[in-house]
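> all I have is the shape, not the residue letters:
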């Protein structure tokens with residue numbers, strides 16, 4: 001991603017090891033263990049299916065936890081950034097922004113932040129997608145989980 005400019009269309013992060021190896025492997029393992037139960041319904045095969053589902057759940061929960069920590073760091077970073085770049089009349093209102101809104105605002109430049117925050121608080125921008133699509137000067141975030 002370092003070779004191209006980041007924008008709304010290409011800002012999502014795919015971690016190949018996780019998305020193309022670990023998840024498919026664990027998913028196929030669940031299917032394979034279900035097949036074993038179909039062919040030979042024993043307690044052992046049922047237990048192996050339970051373990052396969054557990055491993056898939058472990059992989060998914062590890063990803064969710066990593067993203068939750070990342071969102072907490074972004075929220076903290078954005079509150080600090082907003083305190084520095086917003087005018088005083090918006091600073092207290094900015095504390096009401098939701099974590100999803102803060103995560104979406106991280107791509108905006110400091111120059112356009114006030115206008116975007118005003119629109120979010122006024123209800124003109126309700127979703128993360130709406131906020132990201134309104135960003136004019138995209139600030140890349142390439143250090144993501």
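Thanks, I have the structure now. What you are looking at is a predicted structure, and each value in this text was computed from that prediction instead of being measured.
> pop the domain breakdown of the protein in here.
The chain breaks down by automatic domain parsing into domains covering 14-83, 86-139.
> deepest of these, which one?
domain 86-139 (a mean of 16; mean count of other Cβ atoms under 10 Å). (C-beta placed from N, C-alpha, C; glycine too.)
> and the longest helix along the chain, how far from the chain's centre?
Longest among the helix segments of the chain by residue count, using DSSP state H, is helix 43-85. Averaged C-alpha coordinates place helix 43-85 at 10 Å from its chain's average position (Cα atoms, centre = their mean, to the nearest Å).
> repeat that for stretch 32-49.
The answer for stretch 32-49 is 35 Å, by Cα atoms, centre = their mean.
> what about it, start to end distance?
Stretch 32-49 has its terminal residues 8 Å apart, counting by Cα to Cα, to the nearest Å.
> name the residues that touch that stretch?
Stretch 32-49 has contacts (Cβ atoms under 8 Å, 6 or more residues apart in numbering) with 30, 51-52.
> which one of those is nearest to residue 139?
residue 30 (39.7 Å; Cβ to Cβ).
> right, and that closest one touches residue 56 too?
Yes - here residue 30 reaches residue 56: they are 5.6 Å apart, a contact under Cβ atoms under 8 Å.
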